[in-house]
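Undergrad: sequence-free structure coming up:
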């Protein structure tokens with residue numbers, strides 16, 4: 001019989017149990033900025049959150065981490081569903097890193113000149129809250145544009161950015177563990193949140209990760225989308241229904 005069982009996965013209770021299990025197994029925690037500036041030695045978790053929607057969920061998650069003495073990175077989109085100034089300030093005041101979850105190329109429908117102007121403007125906006133030094137693309141799965149292709153023509157280093165996870169992270173050395181598609185083994189449901197890696201580990205649930213903790217590599221990037229994590233039954237149910245529909249749409253896009 002398995003030691004760990006959750007009546008409902010993707011709750012904040014399950015998330016806190018995961019963090020505690022990682023800590024008990026000797027892992028430290030880094031922001032993405034820490035990883036780029038200090039390196040990554042020994043057992044470390046690079047802890048990243050993509051704030052796609054419901055920013056209050058991110059604040060609840062950030063408060064749990066703060067209480068545990070853990071710092072992580074929160075990437076905010078510019079759109080209203082993510083960009084909540086009060087939440088951004090509150091998460092910053094909990095000593096977390098703030099970054100820009102950019103989607104400017106998709107918003108500009110592939111026009112790179114328009115996109116870079118928007119990127120610069122939006123970056124400066126987020127820098128009114130925090131001295132942003134790292135960025136991360138938003139997958140924009142329902143559009144044909146890969147936001148990372150903006151950097152085929154421009155350089156984010158010119159804007160004081162030191163790194164973007166999909167470019168500066170060696171995923172052959174750092175295991176990528178993401179809740180894309182509201183599952184830990186959702187690569188087949190992902191349009192763009194996927195990496196090339198030498199690792200072949202697959203986990204079915206948060207409880208499965210905890211149960212098989214000894215199989216994890218020493219260095220891991222854990223990416224969550226906080227809107228998926230909720231203890232409240234009604235928001236939790238709405239999210240699982242919406243995500244299941246979205247997964248079917250993404251599967252159609254991938255296979256078409």
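TA: Alright, I've got the coordinates. Computed from a predicted structure; not experimentally measured. Numbering: from 1, shown residues only.

Undergrad: Every contact and neighbour count from this point should use C-alpha atoms.
TA: Fine.

Undergrad: what about the strands in the stretch 101-250 of the chain?
TA: Using DSSP state E, counting those that start in this stretch, the strands of the stretch 101-250 of the chain run over residues 135-137, 175-178, 219-224.

Undergrad: winner for burial among these?
TA: strand 135-137 (a mean of 23; mean count of other Cα atoms under 10 Å).

Undergrad: if we can go back for a sec, right, so of the strands of the stretch 101-250 of the chain, which gets closest to residue 237?
TA: Closest approach to residue 237 among the strands of the stretch 101-250 of the chain is made by strand 219-224 (17.9 Å; Cα to Cα).

Undergrad: Need the contact partners of that closest one.
TA: Here strand 219-224 makes contact (Cα atoms under 8 Å, 6 or more residues apart in numbering) with 40, 42-50, 173-180.

Undergrad: Any of those residues buried? List them.
TA: Buried by 16 or more other Cα atoms under 10 Å: 40, 43-50, 174-180, out of these.

Undergrad: which one among the residues you listed gets closest to residue 82?
TA: Scanning the buried ones among the contacts of strand 219-224 for proximity to residue 82, where the rule is Cα to Cα, the winner is residue 50, at 9.5 Å.

Undergrad: tell me which element the closest one is part of?
TA: Element membership for residue 50 (DSSP states H and E) is strand 44-51.

Undergrad: Please find the angle between the direction vectors of that strand and strand 219-224.
TA: On the basis of axes from the mean of the first three to the mean of the last three Cα atoms, to 10 degrees, strand 44-51 is oriented at 20 degrees to strand 219-224.

Undergrad: Can you give the contact residues for strand 44-51?
TA: By Cα under 8 Å, 6+ apart, strand 44-51 touches 27-32, 35, 58, 71-77, 82, 101, 138, 218-227.

Undergrad: how about a cut-off of 6 Å?
TA: Strand 44-51 is contacted by residues 27-31, 72-76, 82, 219-225 when judged by Cα atoms under 6 Å, 6 or more residues apart in numbering.

Undergrad: Could I get the full set of helices for this structure?
TA: With DSSP state H as the criterion, the chain has helices at 12-24, 32-38, 55-67, 85-93, 104-107, 112-126, 165-168, 206-211, 233-255.

Undergrad: Report the rounded mean pLDDT for the longest one.
TA: If I follow you right, that is helix 233-255. For helix 233-255, mean pLDDT is 75.

Undergrad: now swap in the second one and tell me
TA: Regarding helix 32-38, the rounded mean pLDDT is 97.

Undergrad: Can you point out the buried residues in that helix?
TA: 32, 33, 34, 35, 36.
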